[in-house]
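>>> Sequence isn't available, so here's the structure alone:
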């Protein structure tokens, strides 16, 4: 990011740049930038951007310090910084601090807007405080200044579902449907599918699908969501029908839809079906690494580690640079290869893995132990460790 300036930076420019630095280079660089800008540019915008960064990082002490500084400089007269702090405390579970902030807002005459209410509601839901959630809902519904959209009822439905209050959740879902846009909303539709699956009411799930499913333009994620929802209800046959419906009309193959069906198969131990559909699908196509990873996880959970290793290797061989293997599956596969004393298998596995991620000392330690246990020389391994920046005495067979 250049420091060359051909125009005068405004406070908004500074705030935008600060947020961009945080996202690209990290919080420390953003703090350094903030500390080095002139005092006249350290306005509400810059402090607000830095506060947002601390909230994103869940850095409570630093966020509280900036919030206090904003109060001292009369920059905390709007709901914005309070909403940020409420969001932070909701994430960290410090619900008593949320109540204190809202009382402070009332005392200072700071408007508690829609974001304040939704953040407080989210905190009540996280704490399974249903009475608190209902108080916020009543306040939103009764205040004409608040716009009650489908998302409000979606949140409340999730709160009821969390504590098993199915009938109340169903009532909220009906209200949610009544607030959905006439032209439909992809996001609302998918939330609705997920919620109805969690109620266990399969007939309602199908009703929603048949009422709101994409018609003019196919939406792959919606099909994946419906398949996942049916899988939750153990309706594998229904999931297969939805998959076939999607496959018959798709123009660009989205492997995320296939992955949803594979999860359903793996959950039921239907690995022959899973591998069969993958075999058919990959003809002329390159699957996502995640497709093989789903199978690897399924085999691992069903204690079939040879197949888990095989599938994870396939995932590694097609993996993109932005894809990383599931650490739980990876560790289980390495444990299995080490336990089998399979030196060749371990070497091949790590050779493929190294194309995606740098090998850690723990991985080298596993290879060393496997070699020692099988009576194989470790000289080549130690040489490679040295090339990768590990000293020989760091290998602990």
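Yep, it's here. Just so it is clear, the structure is predicted and the values come from calculations on it, not from any experiment. Numbering: from 1, shown residues only.
>>> Which residues does the helix or strand hosting residue 171 contact?
Under the criterion of DSSP states H and E, residue 171 resides in helix 166-179. Residues from elsewhere that reach helix 166-179 (CB atoms under 8 Å, 6 or more residues apart in numbering): 148-150, 152-154, 156-158, 160-161, 188, 191-192, 195-196, 198-201, 204, 208. For every residue, glycine as well, the C-beta is placed using N, CA and C.
>>> Where does pLDDT dip in the stretch 201-350 of the chain?
By pLDDT under 70, the weakly predicted segments of the stretch 201-350 of the chain are 215-218, 321.
>>> Let's see that with 90 instead.
Scanning the stretch 201-350 of the chain with the threshold set as pLDDT under 90 gives 211-221, 248-253, 281-288, 318-324.
>>> Which parts of it are strands?
Using DSSP state E, counting those that start in this stretch, no strands are found in the stretch 201-350 of the chain.
>>> And residue 69, how far from residue 30?
Taking CB to CB, to the nearest Å as the measure, residue 69 and residue 30 are separated by 16 Å.
>>> Neighbour count: these two, which is higher?
residue 30 (23 against 15; other CB atoms under 10 Å).
>>> If you drop the residues flanking it in sequence, what lies closest to the more buried one?
residue 22 (3.8 Å; CB to CB, 6 or more residues apart in numbering).
>>> Could I get the contacting residues of residue 274?
Taking CB under 8 Å, 6+ apart as the test, what residue 274 contacts is 262, 265-266, 295, 298.
>>> how near is the residue lying closest to residue 297 once chain neighbours are set aside to residue 192?
Once flanking residues are discounted, residue 297 sits nearest to residue 329: 5.6 Å by CB to CB, 6+ apart. Here residue 329 is placed at a distance of 32 Å from residue 192 (CB to CB).
>>> So between those two, which is more surrounded?
residue 192 (26 against 20).
>>> what secondary structure does that one sit in?
helix (DSSP: H, G, I helix; E, B strand; the rest coil).
>>> In contact with it: list those residues for me.
Contacts for residue 192 (CB under 8 Å, 6+ apart) come out as 154, 173, 176-177, 180, 208, 212.
>>> cool, residue 102 as well?
Residue 102 makes contacts with 82, 86, 112, 116, 120, as judged by CB under 8 Å, 6+ apart.
>>> For residue 271, give its distance to residue 44.
58 Å.
>>> Residue 81 now?
Distance from residue 81 to residue 44, by CB to CB: 9 Å.
>>> what do the two both touch?
Common contacts of residue 81 and residue 44 (CB under 8 Å, 6+ apart): 70, 75.
>>> Those two: which has the busier surroundings?
Shown here are residue 81 and residue 44; by other CB under 10 Å, residue 81 has more neighbours (24 against 18).
>>> The more buried one is in contact with residue 75, isn't it?
Yes - when contacts are counted by CB atoms under 8 Å, residue 81 is listed as touching residue 75 (7.4 Å).
>>> got any residues that touch both of the two?
By CB under 8 Å, 6+ apart, residue 81 and residue 75 have these common neighbours: residue 48.
>>> circling back: please list only the buried members of the contacts of helix 166-179.
Buried members of those, scored by 16 or more other CB atoms under 10 Å, are 150, 152-154, 156-158, 160-161, 188, 191-192, 195-196, 198-199, 201, 204, 208.
>>> just checking, which of those residues belong to helices?
Cross-referencing these against helices under DSSP state H gives 150, 152-154, 156-158, 160-161, 188, 191-192, 195-196, 198-199, 204, 208.
>>> hmm, back to that, okay, the contacts of residue 102 in JSON lines with secondary structure, pLDDT and distance to residue 93 next?
Converted to JSON lines, the contacts of residue 102 look like this (DSSP: H, G, I helix; E, B strand; the rest coil; pLDDT from 0 to 100; distance: CB to CB, whole Å):
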{"residue": "82", "secondary structure": "helix", "pLDDT": "95", "distance to residue 93": "18"}
{"residue": "86", "secondary structure": "helix", "pLDDT": "94", "distance to residue 93": "13"}
{"residue": "112", "secondary structure": "coil", "pLDDT": "90", "distance to residue 93": "21"}
{"residue": "116", "secondary structure": "helix", "pLDDT": "92", "distance to residue 93": "18"}
{"residue": "120", "secondary structure": "helix", "pLDDT": "92", "distance to residue 93": "14"}
